[in-house]
Each structure stands twice: as C-alpha cells, then as structure tokens.
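A.B. asks: Fold the following for me, if possible:
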Amino acid sequence: MESFLRLENRHTGEVLRVCRVPYGEGQMALILDGSLPPGVNGPPVHVHFCEREEVGVKTGLLGARVGNAKLFVQPGATAVFPAGVVHKWWNAGDERLEMNGLVFPAVDLDRYLQAIFAVQNAGASGKPSIFYLARVLWRHRRTQAVMSPPRIVQWIFFPLVLMTGFILGKYRGKDWPGSPESCTGAPEVTAANAA
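C.D. replies: Down below sits the predicted model:
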C-alpha cells in the first residue's frame, strides 16, 4: 500500500501528495507535499470551515490572499490559512513552487481534493462538468466551499443541477468522476513514515 495519496491536475501541472497522520488525542491531520509550475494559479478562492492549513515553502515563491491580506512567502517561511477564512494561493515566481504543509484537523479535505482533482481531470479542456462539480461541492458543503458562484447562488442552483443529473443518469454506478466510492481519501500512516 502506498504511504500517500498522489493527486495531479493534468491541465495545470499541480501535484499533491497527501497522507493522514495521528495528531493529538483521537485526531487526524493531513500532511501535504505539493508543487505548482511557474505562473500557475492554485485552487480558486475557497474556504475550509473546520481545517487550519499551514504551508511551508521549500522552493519558489508562494503568492496568497488570506481574507483581505495579500502576501508573498519565500523559501523557509510558512503561510497560515486559518479555519473559516477565505483564501487562495498561486505560484508567484519564475520557478516551480515546492511546498509542504499540515492541515488540522483532517476532517474530509483529502476526500474533497481527490474528488475535485478527478472532476477537473475528466474535463477535456480543464473545465469540469457542472454535474460532477455540483455533486462534489454539494456533498462537502458543510466543510469546504468555493466562493464563485456566490454561496447563495450555489444553494439555489446546485440542487437543480443535481436533480437534472439524477434524471439524466449522471450519478449511476460508482465510476463517475468524483464519486464517493472512488474518493476514499489518503492512507493513514505513522508520523515517522510520512517524512
């Protein structure tokens, strides 16, 4: 069994390696290791309602917006994305951005990322199918969210998309992009094996 879940966006070149580790009494954290090519945006503006994310830069320059603050993080420094704070990040430099980090508590971020990467990779041009994207975003709506379209629009529009998707048979079986059965999350390892 692999000691990490490897995710790659075939359209942007973003790569993430994720594993779950015990962290505190009865809690789990995610250890992240990732890279992003020069000049490429990471995820769109989003929020993790329960997870605190800390990202250390190994090489390159991380650009980030955390709430209303814009920052640039050099190698050896860390960016913190508190739980419940809207944020986004990108490669702001001319070389490949290499980073590692910790997300605590793990909640469902690994399964969410696995589903989002699957939906993005299934689209021919990098534009995800609205049926699969809406299904993933709706399934994780209490723990994760993107800010576009606005949340009120999502709460009105996504149920209509989901109903149409069910009628059209988009969610039959277990093999559609982002299905819960195909997104089991990162493996659990000991902290010593995660390094």
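A.B. asks: Pull the contacting residues for the spatially most central residue of the chain.
C.D. replies: Among the residues of the chain, residue 113 comes closest to the average C-alpha position under C-alpha atoms, centre = their mean, at 3.7 Å. By C-beta atoms under 8 Å, 6 or more residues apart in numbering, the residues touching residue 113 are 7, 16, 18. The C-beta positions use only the backbone N, C-alpha and C, and glycine is treated the same way.
A.B. asks: Surely it forms part of a helix?
C.D. replies: Yes. Counting by DSSP: H, G, I helix; E, B strand; the rest coil, residue 113 is part of a helix.
A.B. asks: what's the spacing between it and residue 78?
C.D. replies: When C-beta to C-beta, to the nearest Å is the yardstick, residue 113 and residue 78 sit 20 Å from each other.
A.B. asks: Once you drop chain neighbours, what's closest to residue 44?
C.D. replies: Nearest non-adjacent residue to residue 44, counting by C-beta to C-beta, 6 or more residues apart in numbering: residue 146, 5.4 Å away.
A.B. asks: Do I have it right that that neighbour meets residue 140?
C.D. replies: No. In this structure residue 146 lies outside contact range of residue 140 using C-beta atoms under 8 Å: 10.1 Å.
A.B. asks: Give me the secondary structure label for the closest residue in space to residue 64 that isn't next to it in sequence.
C.D. replies: Spatial nearest neighbour of residue 64, excluding adjacent residues (C-beta to C-beta, 6+ apart): residue 89 at 4.3 Å. Here residue 89 is recorded as strand under three-state DSSP.
A.B. asks: residues near residue 89, how many?
C.D. replies: Counted with other C-beta atoms under 10 Å, the neighbours of residue 89 add up to 23.
A.B. asks: Who are the packing partners of the helix ranked longest in the chain?
C.D. replies: In the chain, taking DSSP state H as the definition, the longest helix is helix 151-168. Helix 151-168 sits against helix 130-139, with contacts defined as 3 or more C-beta pairs under 8 Å, 6 or more residues apart in numbering; DSSP states H and E.
A.B. asks: Give the other helices and strands that the helix it packs on contacts.
C.D. replies: helix 109-122, strand 144-146, helix 151-168.
A.B. asks: Pick the most buried one from these.
C.D. replies: Stretch with highest mean neighbour count among these: helix 109-122 (a mean of 22; mean count of other C-beta atoms under 10 Å).
A.B. asks: export that helix as PDB, just CAs?
C.D. replies: What follows is helix 109-122 as a C-alpha-only set of coordinates in PDB (Å, rounded to 0.1, in the frame of the first residue of the first chain):
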ATOM      1  CA  LEU A 109     -10.200  17.600   2.900                       C
ATOM      2  CA  ASP A 110      -8.400  14.700   1.400                       C
ATOM      3  CA  ARG A 111     -11.600  13.100   0.000                       C
ATOM      4  CA  TYR A 112     -12.700  16.600  -1.200                       C
ATOM      5  CA  LEU A 113      -9.400  17.200  -3.000                       C
ATOM      6  CA  GLN A 114      -9.400  13.700  -4.500                       C
ATOM      7  CA  ALA A 115     -12.900  14.300  -5.900                       C
ATOM      8  CA  ILE A 116     -12.100  17.800  -7.200                       C
ATOM      9  CA  PHE A 117      -9.000  16.600  -9.000                       C
ATOM     10  CA  ALA A 118     -11.000  13.700 -10.500                       C
ATOM     11  CA  VAL A 119     -13.700  16.100 -11.800                       C
ATOM     12  CA  GLN A 120     -11.100  18.500 -13.200                       C
ATOM     13  CA  ASN A 121      -9.100  15.800 -14.900                       C
ATOM     14  CA  ALA A 122     -12.200  14.300 -16.500                       C
END
